[in-house]
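Engineer: what would the 3D arrangement of this be:
(2 chains)
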There are 2 protein chains.
Amino acid sequence: MPRSRFAASLSTPKVEVAIDMGHPLLNVTVDGFLKIGTVAATRSAAEDVYHIVKKGSLSRHNVEQTLKKMCKEGAYWGTVAGVYVGMEYGMQRIRGTRDWKNAMIGGALTGALVSAASSNNKDKVVMDTITGGAIATAAEFLNYLI
Amino acid sequence: MPRSRFAASLSTPKVEVAIDMGHPLLNVTVDGFLKIGTVAATRSAAEDVYHIVKKGSLSRHNVEQTLKKMCKEGAYWGTVAGVYVGMEYGMQRIRGTRDWKNAMIGGALTGALVSAASSNNKDKVVMDTITGGAIATAAEFLNYLI
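Structural biologist: Residues are numbered from 1 along each chain as shown, chains lettered A, B, ... in the order given. A predicted model of the protein is given here:
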């Protein structure tokens, strides 16, 4: 008597990408770009899927736009993350220790750099520097809490 | 012959606050509130100091406003962080492990809760849920990079 069996397994995606660039600074930077870029692209896709599901219709135009937005957001956040990771790595090498001050300085420099690259408003660059430092410090603190 | 000596030492502030509330969940929540609240208040103060220095004048009104803004921002970000830390702690207890999925779910729930508490727009709540999950996942990834 034939028996049928059904086995299903649900596994969440593993995010493991490693590309060896030959130098630790490049490695962490590329790693940061890829990982945070993936997160940002996923977030962008999830947002668009919600909008499409809500509207109830899916056209080729939607899919194209979603893909474009995913690439754009992924590249932007990936770049920011890559710069930040590189900065924090540099801070670690210069200061010789690893603590929240690395994160603060790295975040502030990243905020300054990204802001200066995208706008000419001096006030905005200063604000982004302060905000970048604050966000990085907060993320670093959250780390050690749990 | 008298000799004068001058010794200066510069030490950065240590952020160490620990209040025992008798339960680990309360402990991490209060800890998150205090630490992230401090970061947010400092950021707010730094922003205002920049504006005051730029304007070149300091009045009593400025100081009062800065203090008020510090308290408001500190309380807001502290609450968000406390909710997030509590959520991630809860996830950790329920799932029994600690990985980026905890951060993602905790961040998404925090985004949903904070957004639902402050607005009635359903679309905005969904977007904030997605963004909360993405930010928490990104912060968790950055952790392991460096």
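Engineer: C-alpha only now, for contacts and for neighbours.
Structural biologist: Noted.
Engineer: could you find the closest non-adjacent residue to the residue nearest the centre of chain A?
Structural biologist: Residue closest to the average C-alpha location in chain A (Cα atoms, centre = their mean): residue A:36, at 2.3 Å. With Cα to Cα, 6 or more residues apart in numbering or on different chains as the criterion, residue A:36 has its nearest non-adjacent residue at 5.1 Å, and that residue is residue A:78.
Engineer: residues touching that neighbour, list them.
Structural biologist: A:32, A:33, A:34, A:35, A:36, A:37, A:38, A:40 (Cα atoms under 8 Å, 6 or more residues apart in numbering or on different chains).
Engineer: just curious, which of those residues is nearest to chain B?
Structural biologist: For the contacts of residue A:78, the residue nearest chain B by Cα to the nearest Cα is residue A:36; the value is 5.7 Å.
Engineer: buried residues in the one helix or strand residue A:89 maps to?
Structural biologist: Using DSSP states H and E, residue A:89 maps to helix A:60-95. Buried positions in helix A:60-95, judged by neighbour count with 16 or more other Cα atoms under 10 Å in any protein chain shown: A:66-67, A:69-89, A:91-92.
Engineer: how far off centre is it?
Structural biologist: 5 Å (Cα atoms, centre = their mean, to the nearest Å).
Engineer: what mean pLDDT would you report for the next helix or strand along the chain from that helix?
Structural biologist: Going down the chain from helix A:60-95, the next helix or strand is helix A:100-118, by DSSP H and E. The average pLDDT for helix A:100-118 rounds to 89.
Engineer: packing partners of helix A:100-118?
Structural biologist: Counting contacts by 3 or more Cα pairs under 8 Å, 6 or more residues apart in numbering or on different chains; DSSP states H and E, helix A:100-118 is packed against helix A:60-95, helix A:122-145.
Engineer: show the average pLDDT along the helix or strand harbouring residue A:53.
Structural biologist: Using DSSP H and E, residue A:53 sits in helix A:24-55. Averaging pLDDT along helix A:24-55 yields 86.
Engineer: elements contacting it?
Structural biologist: Using 3+ Cα pairs under 8 Å, 6+ apart: helix A:24-55 touches helix A:60-95, helix B:122-145.
Engineer: would you turn the helices and strands packed on helix A:100-118 into CSV with distance to residue A:102 and mean pLDDT?
Structural biologist: Formatted as CSV, the helices and strands packed on helix A:100-118 follow (distance: least, Cα to Cα, whole Å; pLDDT from 0 to 100):
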stretch, distance to residue A:102, mean pLDDT
helix A:60-95, 6, 89
helix A:122-145, 9, 86
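Engineer: who wins for proximity to residue A:109 among those?
Structural biologist: Smallest distance to residue A:109 across those (Cα to Cα): 6.5 Å, for helix A:122-145.
Engineer: hey, C-alpha coordinates of the closest one in CSV?
Structural biologist: Taking C-alpha atoms only, helix A:122-145 is exported to CSV below (Å, rounded to 0.1, in the frame of the first residue of the first chain):
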residue,chain,number,x,y,z
LYS,A,122,26.4,73.9,6.3
ASP,A,123,23.8,73.9,9.1
LYS,A,124,22.3,70.6,7.8
VAL,A,125,25.8,69.1,7.8
VAL,A,126,26.4,70.0,11.4
MET,A,127,23.0,68.6,12.4
ASP,A,128,23.6,65.4,10.5
THR,A,129,27.0,65.1,12.2
ILE,A,130,25.4,65.4,15.6
THR,A,131,22.5,63.0,14.7
GLY,A,132,24.9,60.5,13.2
GLY,A,133,27.0,60.4,16.3
ALA,A,134,23.9,60.1,18.5
ILE,A,135,22.4,57.2,16.5
ALA,A,136,25.6,55.3,16.4
THR,A,137,26.1,55.8,20.2
ALA,A,138,22.5,54.7,20.8
ALA,A,139,23.0,51.5,18.7
GLU,A,140,26.2,50.7,20.5
PHE,A,141,24.5,51.1,23.9
LEU,A,142,21.6,48.9,22.9
ASN,A,143,24.1,46.2,22.0
TYR,A,144,25.3,45.8,25.5
LEU,A,145,22.0,46.0,27.1
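Engineer: all set, thanks.
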